[in-house]
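Asker: Give me the fold of what follows.
(one chain, ligands or ions: 1)
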Amino acid sequence: MQTEVKKANMSSIAEIAKEFEIRPGQVFTVLNDLGISHDGQGFEADKETLELIREAALDQLDKKLITLKPNSSPRDIAFALDVPQAEMQKSLISKFRIMKAIGNPLSEDEAKKIVEGYGFEYAVASAVAAKPKPKVASGPKPGEKILRPPVVTIMGHVDHGKTSLLDYIRKANVAAKEFGGITQHIGAYQVTLPEGIITFLDTPGHAAFTNMRARGAQVTDIAILVVAADDGIMPQTIEAIQHIQAANVPMIVAVNKIDKPGANPDRVLQQLTEHNVIAESYGGQTIVANVSALTGEGVPELLELILLQAEIMELKADPKGQLTGTVIEAKLEKGRGPVATLLIEEGTLKAGDALVVGNTFGRIKAMTDYRGEKMTEAGPSAPVEVLGLNEVPAAGDKIEFFADERGARIEAEGRVDRARVKSLTTAGRGLTLRDLRSRMQDDGIRDLNLIVKADVQGSVEAVKGMLEKVKNDEVHAKIILSGVGQITKADIDLAAASESIVVGFNVKPEGEAKKEAEKRKVEIRTYSIIYELIEDIEAAVKGMLAPKFEEQYIGEAEIRMKLSFSKKGIVAGSYITDGKVMRNAKAKVYRGKDLVHDGEIVTLKHFKDDVKEMSVGQECGMTFGEWEDFQEGDRVEAFEVVQVNA
Ligand code: GDP
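Answerer: Below you'll find the predicted structure:
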């Protein structure tokens with residue numbers, strides 16, 4: 001049984017070499033580095049390990065290192081260098097002066113001489129089998145998936161009580177026995193209730209939420225929308241709703257500040273219906289809790305509702321599975337080095353584990369929880385602060401487990417290189433109208449996601465109304481956020497997270513938003529004429545966003561003389577009265593007010609020389625191709641054709 005599995009997992013060294021256009025001997029180098037044994041032709045690896053090998057193989061392209069086992073024969077070297085055996089046999093004597101049969105073992109010096117003779121560096125393989133495999137999950141046999149705590153993010157308008165609510169829940173539920181109840185801020189904390197555990201992300205607001213999503217990390221299971229009962233729905237409430245809906249995360253509404261005299265929870269629910277958030281008491285499905293973060297009223301019920309929602313969702317993970325997780329927060333601390341808070345998703349993180357985190361790596365030296373208590377293990381949904389990474393990762397970076405630090409380092413270094421290459425060769429993750437069609441084919445994109453911002457609510461509604469009708473069999477325009485006001489950085493974050501195009505009507509991006517859009521390669525299109533906006537989007541949906549050209553006036557010349565040359569035909573001897581004229585520029589020739597010719601300046605001469613352009617005050621000779629009916633006194637207006645929607 002065991003052998004059957006092994007055979008199924010065998011990979012060919014020659015195939016890997018061919019795929020990455022390297023020599024088989026360079027694949028030996030990869031296998032040696034990663035501590036994987038091979039028989040000279042093939043090796044045994046599971047899917048994950050094979051992926052690791054393939055990534056490392058890519059890095060061998062610009063290296064020239066051939067690793068050979070001791071006592072390799074000329075035949076082995078021929079294979080390693082991808083040289084025909086006959087050629088090797090010939091070179092042995094004629095080039096390398098080695099008198100050995102092709103199958104006989106060579107000394108190290110001899111092997112080195114041959115490898116270097118072919119322009120490669122030579123290394124001797126280390127005792128491979130003794131090394132552990134690079135990548136094995138902490139518990140190699142996946143266990144059973146068990147229920148895990150929900151991960152909750154709190155969002156809402158500024159001052160509606162997000163921080164207060166997080167603080168109240170923490171104080172009331174976290175048994176902070178030491179230091180008079182002071183808990184650490186590590187970016188997330190857990191509360192333990194008789195009915196279950198909840199993990200709260202401690203950075204309220206949708207900026208962090210969307211930022212993480214933009215990086216492909218969605219850690220939030222349930223979003224709490226906080227709305228102050230005395231204030232009602234405010235702009236950031238609407239933004240938060242849109243962000244939550246775009247992420248497809250279940251929402252619980254916490255109507256806060258119900259202790260206040262002016263509180264009107266019912267009005268909040270009414271307002272919410274206008275944004276398609278319908279409370280259960282209004283016949284909808286959205287769960288609502290009335291709370292006071294000040295007095296704590298209603299908070300236990302809110303926590304119960306969270307656990308209830310989690311139960312419905314059946315959130316499960318395997319504590320024995322392959323370790324995965326996400327960076328919630330990270331910083332550099334004096335005396336401690338890079339400090340990162342990780343949220344474990346699958347598997348169990350243990351102190352001493354070697355990890356690759358984004359583009360960095362390290363061995364976990366110390367693990368603490370949100371109470372500052374030492375941990376030795378962290379399972380699914382647990383936030384944990386770790387020390388030992390060699391650099392500060394970014395929030396949203398994924399973690400990966402490695403059995404040894406060396407493998408982790410190789411992987412992390414490879415990633416840095418690849419990231420560099422990628423940043424030089426690809427346009428980033430944003431979507432542009434122009435590449436919509438090819439992305440549709442590659443990625444099967446079916447929705448053209450749009451974020452619509454306009455100057456007044458009336459325009460927002462008008463643009464939305466018209467855009468919602470734009471569709472064909474393949475693509476639909478889908479508005480994932482709309483609002484009044486300038487295009488902000490938050491809009492760009494959401495656009496990056498949801499692969500949207502930002503459309504502005506009578507509004508412009510703020511400075512910061514512009515920079516962010518450039519960085520993230522998010523396309524912003526601004527318009528002041530609604531039909532142009534609709535036309536562009538329609539064209540994009542049809543995949544036919546034709547380049548749009550505009551004639552831009554560049555100068556004017558007066559024809560002073562008709563010059564006749566037998567070979568060159570008739571030339572218009574002209575004087576430039578304004579701007580400049582250029583060869584190949586568009587030319588409109590006027591006689592008085594009448595347009596007598598609409599064509600192109602085909603040749604442009606200064607005396608006998610062909611020139612590219614001539615400026616005001618200069619004399620020149622022009623021809624217009626076939627057309628020679630010009631007269632003295634005709635006016636030539638020159639235009640350059642410029643693409644205006646590039
Ligand atoms: P955030 O910006 O959403 O994080 O809001 P904060 O938590 O900072 O709260 C803003 C203000 O509202 C603070 O002065 C809080 O003390 C106050 N506040 C928050 N929750 C309540 C509440 O339930 N009742 C009352 N009366 N005040 C509250």
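Asker: Name the residue of the stretch 301-450 of the chain that lies nearest to the ligand.
Answerer: Per Cβ to the nearest ligand atom, residue 302 is where the stretch 301-450 of the chain lies closest to the ligand, at 11.8 Å. (C-beta placed from N, C-alpha, C; glycine too.)
Asker: my read: that residue touches residue 255, true?
Answerer: No: with contact defined as Cβ atoms under 8 Å, residue 302 does not count as touching residue 255 (10.0 Å).
Asker: shared neighbours of the two, anything?
Answerer: 289, 291 (Cβ atoms under 8 Å, 6 or more residues apart in numbering).
Asker: So for the two, which residue has more residues nearby?
Answerer: Ranked by neighbour count (other Cβ atoms under 10 Å), residue 302 and residue 255 place residue 255 first, with 28 against 22.
Asker: who's in contact with the residue nearest to that one when sequence neighbours are not counted?
Answerer: The shortest distance from residue 255 to any non-neighbouring residue, by Cβ to Cβ, 6 or more residues apart in numbering, is to residue 265 (4.4 Å). Listed by Cβ under 8 Å, 6+ apart, the contact partners of residue 265 are 229, 255, 258, 290.
Asker: Helix, strand or coil: sort out the residue nearest to the first one when sequence neighbours are not counted for me.
Answerer: Ranked by Cβ to Cβ, 6+ apart and with sequence neighbours excluded, the top spatial neighbour of residue 229 is residue 263, at 3.7 Å. Three-state secondary structure (criterion: DSSP: H, G, I helix; E, B strand; the rest coil) places residue 263 in coil.
Asker: is it true that residue 263 touches residue 230?
Answerer: Yes: assessed by Cβ under 8 Å, residue 263 is found in contact with residue 230 at 5.1 Å.
Asker: joint contacts of the two?
Answerer: residue 257.
Asker: Can you tell me the SS state at residue 218?
Answerer: Residue 218 - assigned by three-state DSSP - is coil.
Asker: For the residue nearest to residue 200 when sequence neighbours are not counted, give the beta-bridge partners.
Answerer: Using Cβ to Cβ, 6+ apart and skipping residues adjacent in sequence, the residue nearest residue 200 is residue 152, 5.2 Å away. Beta-bridge pairing for residue 152 (DSSP bridges): residue 200, residue 222.
Asker: what about residue 152, how many neighbours?
Answerer: 24.
Asker: my guess is it contacts residue 209, does it?
Answerer: No: when contacts are counted by Cβ under 8 Å, residue 152 is not listed as touching residue 209 (11.1 Å).
Asker: Overlap of the contact sets of the two?
Answerer: In contact with both residue 152 and residue 209: 201, 220, 223, using Cβ under 8 Å, 6+ apart.
Asker: Within range of the ligand, give me the residues from this structure.
Answerer: 156, 158-164, 204, 256-257, 259-260, 292-294 (Cβ under 6 Å from any ligand atom).
Asker: Among these, name the ones in helices.
Answerer: 162-164 (DSSP state H).
Asker: residue ranges of the helices in the stretch 451-600 of the chain, please?
Answerer: 457-467, 489-498, 511-520, 530-541 (DSSP state H, counting those that start in this stretch).
Asker: repeat for the stretch 301-450 of the chain
Answerer: 405-425, 436-443.
Asker: looking at these, which has the lowest confidence?
Answerer: Out of the helices of the stretch 301-450 of the chain, helix 436-443 stands lowest, with a mean of 55 (criterion: mean pLDDT).
Asker: Now residue 38: closest residue in space, sequence neighbours ignored.
Answerer: residue 31 (5.2 Å).
Asker: how many neighbours does residue 64 have?
Answerer: Residue 64 - counted by other Cβ under 10 Å - has 18 other residues nearby.
Asker: Ignore what I typed, I meant residue 90.
Answerer: 11.
Asker: any idea how far it lies from residue 296?
Answerer: Residue 90 is 88 Å from residue 296, where distance means Cβ to Cβ, to the nearest Å.
Asker: before we move on, what about residue 465?
Answerer: 45 Å.
Asker: higher neighbour count, these two?
Answerer: Neighbour totals were compared for residue 465 and residue 296, and residue 296 leads with 15 against 9 (other Cβ under 10 Å).
Asker: The more buried one: what's it in contact with?
Answerer: Taking Cβ under 8 Å, 6+ apart, we find residue 296 in contact with 168, 172.
Asker: Just send the contacts of residue 265 back as JSON lines, with pLDDT too.
Answerer: Output for the contacts of residue 265, formatted as JSON lines (pLDDT from 0 to 100):
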{"residue": "229", "pLDDT": "96"}
{"residue": "255", "pLDDT": "98"}
{"residue": "258", "pLDDT": "97"}
{"residue": "290", "pLDDT": "97"}
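Asker: Top of those residues by number of neighbours, please.
Answerer: residue 255 (28 neighbours).
Asker: wait, isn't that residue in contact with residue 287?
Answerer: No: using Cβ under 8 Å, residue 255 is not in contact with residue 287, being 11.4 Å away.
Asker: For the stretch 401-550 of the chain, give the residue positioned nearest to the ligand.
Answerer: residue 490 (15.3 Å).
Asker: Now for that residue, how many residues are close by?
Answerer: 21.
Asker: excluding its backbone neighbours, what's nearest residue 637?
Answerer: residue 588 (4.6 Å).
Asker: gap between that neighbour and the ligand?
Answerer: 62 Å (Cβ to the nearest ligand atom, to the nearest Å).
Asker: Can you show me the strands along the stretch 51-200 of the chain?
Answerer: 65-68, 121-124, 146-147, 151-156, 188-193, 196-201 (DSSP state E, counting those that start in this stretch).
Asker: Give me whichever of these is most buried.
Answerer: strand 151-156 (a mean of 27; mean count of other Cβ atoms under 10 Å).
Asker: In terms of secondary structure, what does that one contact?
Answerer: Contacts defined by 3 or more Cβ pairs under 8 Å, 6 or more residues apart in numbering; DSSP states H and E place strand 151-156 against helix 162-173, strand 196-201, helix 206-214, strand 222-228, helix 235-247.
Asker: Quick one: work out the angle between the longest one and strand 222-228.
Answerer: With axes from the mean of the first three to the mean of the last three Cα atoms, to 10 degrees as the criterion, the two stretches helix 235-247 and strand 222-228 enclose an angle of 160 degrees.
Asker: what about the longest strand in the chain?
Answerer: strand 549-565 (DSSP state E).
Asker: what comes into contact with that strand?
Answerer: So strand 549-565 is contacted by 570-582, 585-586, 589, 615-616, 619-622, 630-644 (Cβ under 8 Å, 6+ apart).
Asker: and that strand, which strands flank it?
Answerer: Counting by DSSP bridges, strand 549-565 is paired with strand 569-582 (antiparallel), strand 635-643 (antiparallel).
Asker: buried stuff in that strand?
Answerer: Neighbour-count burial for strand 549-565 flags 554-557, 559 (criterion: 16 or more other Cβ atoms under 10 Å).
Asker: so how far is it off the chain centroid?
Answerer: Taking the mean of its C-alpha atoms, strand 549-565 sits 50 Å from the chain's own mean (Cα atoms, centre = their mean, to the nearest Å).
Asker: Dump the C-alpha coordinates for it into CSV.
Answerer: These are the backbone C-alpha positions of strand 549-565, laid out as CSV (Å, rounded to 0.1, in the frame of the first residue of the first chain):
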residue,chain,number,x,y,z
PHE,A,549,-8.5,60.5,-31.0
GLU,A,550,-8.7,64.2,-31.1
GLU,A,551,-7.2,66.7,-33.5
GLN,A,552,-5.2,69.2,-31.7
TYR,A,553,-4.3,72.4,-33.5
ILE,A,554,-0.5,72.9,-33.7
GLY,A,555,0.0,75.8,-36.2
GLU,A,556,-0.7,77.6,-39.4
ALA,A,557,1.1,78.4,-42.7
GLU,A,558,0.3,80.5,-45.7
ILE,A,559,1.0,79.3,-49.2
ARG,A,560,3.0,81.9,-50.9
MET,A,561,4.1,80.2,-54.1
LYS,A,562,3.4,77.2,-56.3
LEU,A,563,6.8,75.7,-57.1
SER,A,564,6.9,73.2,-59.9
PHE,A,565,9.6,70.5,-60.1
